[in-house]
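Engineer: Got a predicted structure here, sequence first:
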Amino acid sequence: MIPRKSLWVTAAGLAGAAVAVRRARTPRSASSSADRWLAVTVNCGPEDLRADKLPSPLQEYGERIETRISAAPADRGTELAVRFKQPPSDLARSVPARLAGQDPRQDLRRALREAKALMEAGEVLVPDEPTTHETPGGKVVGLFSRRAGGEGVL
């Protein structure tokens with residue numbers, strides 16, 4: 001006889017697998033993630049920010065990006081949003097490209113965060129080097145820190 005707990009665990013696993021298969025089979029629209037806006041809220045008024053006078057990290061993209069500037073909700077500054085005019089190819093934004101740090105959207109995210117830092121603090125703050133010790137745990141922290149640079153999260 002199989003214990004009840006095992007049956008519940010098996011049923012939960014099968015339900016999770018069914019949801020994953022259903023999501024994998026559901027086609028995403030071509031514009032769902034490829035051309036979505038990347039946005040940050042900057043602590044300044046909308047009149048202090050102009051699309052033709054963006055900070056240097058975003059100026060490097062020139063005419064390759066679109067810019068949207070609007071007042072942030074609840075009067076909390078300005079929302080600065082950018083996206084590529086020509087979305088990256090499916091190959092450039094694949095999971096292996098993201099893991100290897102070769103997705104062009106990662107660089108745009110980084111530039112957007114640096115632009116926010118320049119507008120608010122006047123400089124881009126970076127951690128002192130080295131931030132980790134040469135131990136196995138320190139190497140793991142270093143790996144995750146490098147990975148977080150492109151995505152903005154660990």
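Structural biologist: Everything's here; your move.

Engineer: So residue 44, which state does it fall into?
Structural biologist: Put simply, residue 44 is coil when judged by DSSP: H, G, I helix; E, B strand; the rest coil.

Engineer: mind listing what the residue nearest to it when sequence neighbours are not counted touches?
Structural biologist: Spatial nearest neighbour of residue 44, chain neighbours left out: residue 78 (5.5 Å); criterion: CB to CB, 6 or more residues apart in numbering. The C-beta positions use only the backbone N, C-alpha and C, and glycine is treated the same way. Residues counted as contacts of residue 78 (CB atoms under 8 Å, 6 or more residues apart in numbering) are 41, 42, 44, 45, 46, 48, 49, 69, 70, 71, 72.

Engineer: go on, residue 81?
Structural biologist: Residue 81 makes contact with 37, 38, 39, 67, 68, 69, 70, according to CB under 8 Å, 6+ apart.

Engineer: what ranges do the helices span in this protein?
Structural biologist: Along the chain, counting by DSSP state H, helices occupy 4-25, 56-59, 95-99, 104-121, 136-151.

Engineer: burial measure for the nearest residue to residue 77 once chain neighbours are set aside, as a count.
Structural biologist: In space, residue 77 comes closest to residue 43 once its chain neighbours are excluded; the distance is 4.7 Å by CB to CB, 6+ apart. Using other CB atoms under 10 Å, residue 43 has 13 neighbouring residues.
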